[in-house]
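>>> No sequence on hand, only this structure:
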């Protein structure tokens, strides 16, 4: 895929999620905008968040964007620095901030200016002192080497046209011994060309999914160890709703992705 195509995809994703930010919530899928805050709560609880999680953040932070709950595998500890790739309205950042407490720090990165503005307003509304949001692409993270103890992400890396670059940047940004805790959409069978080239299905978190074997190979090539990719068959229930006229669940599923950067 050439740079022109990469830029076309990034611009389509940026425009789609800019619209989502301005519409106050959504969910994945090509025609999801307009969901109510109540719908976002229901969606998130279906993804594995508790009722307390969905209520314990500023209003508007939970936009129903996700395909799982990276908090469940992150094992966050007091004092850690967390980096969230594709932070949206800040939902996962705010949950992480409470787990790392005041001595910890959370950095959210998003390439959509409207999302960054929304997240910063939510942080101010909730008086979060240990959270910040930075505008940037996940392929070119605006953080120094060895910044984070943990990198989390929720249904965002599938949107990147250069996933190997994302994992390379994640490796750079992690401290030695740091870990990945990601929920994302992956492919368990080769996607048909008509799905791969459907831009609406790409911005809807489906057409850009890489094969599980490809994700594992990229992580290994980057230098990660203790790689664990766990597909969640039950996720087909909600993924089916993202594109009811397409047989997407014949090819893709949500999964948790875990890996460790070697200590030395």
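Yes, it's here. This one's a predicted model, so the numbers in the text were calculated from it and none came from an experiment.

>>> all contacts plus neighbour counts: C-alpha atoms, from now on.
Fine.

>>> biggest helix in this protein, by residue count?
Secondary structure of the chain per DSSP state H: the longest helix is helix 3-23.

>>> Show residues contacting it.
Helix 3-23 is contacted by residues 26, 33-34, 88-89, 111-115, 118, 159-162, 199, 203 when judged by CA atoms under 8 Å, 6 or more residues apart in numbering.

>>> do the same with stretch 186-201
Contacts for stretch 186-201 (CA under 8 Å, 6+ apart): 9, 12, 29-30, 158, 202, 207-212, 231, 243, 250-255.

>>> repeat that for 6 Å
By CA atoms under 6 Å, 6 or more residues apart in numbering, the list of residues contacting stretch 186-201 from outside reads 30, 207, 209, 210, 211, 212, 251, 252, 253.

>>> How about the contacts made by the third one?
Meaning residue 209. Residue 209 neighbours (CA under 6 Å, 6+ apart): 158, 185, 186, 187.

>>> measure residue 66 to residue 194 for me?
Taking CA to CA, to the nearest Å as the measure, residue 66 falls 24 Å from residue 194.

>>> If you count surrounding residues, which of these two has more?
Using other CA atoms under 10 Å as the criterion, residue 66 and residue 194 rank with residue 66 on top: 24 against 10.

>>> I figured that one was touching residue 157, is that so?
No - between residue 66 and residue 157 there is no contact under CA atoms under 6 Å: 11.2 Å.

>>> And for residue 143, nearest residue in space, chain neighbours not counted?
residue 173 (6.7 Å; CA to CA, 6 or more residues apart in numbering).

>>> what do you get for residue 139?
residue 166 (4.5 Å).

>>> For the one you found, what is the enclosing helix or strand?
Element membership for residue 166, per DSSP states H and E: helix 163-173.

>>> Pull the distance from that helix to the chain's centre.
Remark: helix 163-173 is offset 14 Å from the chain centroid, using CA atoms, centre = their mean, to the nearest Å.

>>> Quick one: list the elements packing against it.
Of the remaining helices and strands, none touches helix 163-173 by 3 or more CA pairs under 6 Å, 6 or more residues apart in numbering; DSSP states H and E.

>>> Return, as residue ranges, the portions of the protein with sub-threshold pLDDT.
By pLDDT under 70, the weakly predicted segments of the chain are 1-5, 24-38.

>>> Strands of that one, start to end?
For the chain, the strands defined by DSSP state E cover 81-85, 105-110, 131-135, 148-154, 174-187, 225-232, 252-260.

>>> Pick the most deeply packed of the ones you listed.
Among the strands of the chain, strand 81-85 has the highest mean neighbour count (mean count of other CA atoms under 10 Å), at a mean of 27.

>>> quick one, it and strand 105-110 angle?
10 degrees (axes from the mean of the first three to the mean of the last three CA atoms, to 10 degrees).

>>> Summarise which helices and strands strand 81-85 is packed against.
Strand 81-85 is packed against strand 105-110, strand 148-154, with contacts defined by 3+ CA pairs under 6 Å, 6+ apart.

>>> Run me through the strand neighbours of that strand, direction for each.
Within its sheet, strand 81-85 is paired with strand 105-110 (parallel), strand 148-154 (parallel), according to DSSP bridges.

>>> Of the ones you listed, which is nearest residue 141?
When the strands paired with strand 81-85 are compared by CA to CA, strand 105-110 sits nearest residue 141, at 7.5 Å.

>>> Any idea how many residues pack against the residue nearest to residue 125 when sequence neighbours are not counted?
Spatially, and ignoring its direct neighbours in sequence, residue 125 is nearest to residue 58 (6.7 Å; CA to CA, 6+ apart). Using other CA under 10 Å, residue 58 has 21 neighbouring residues.
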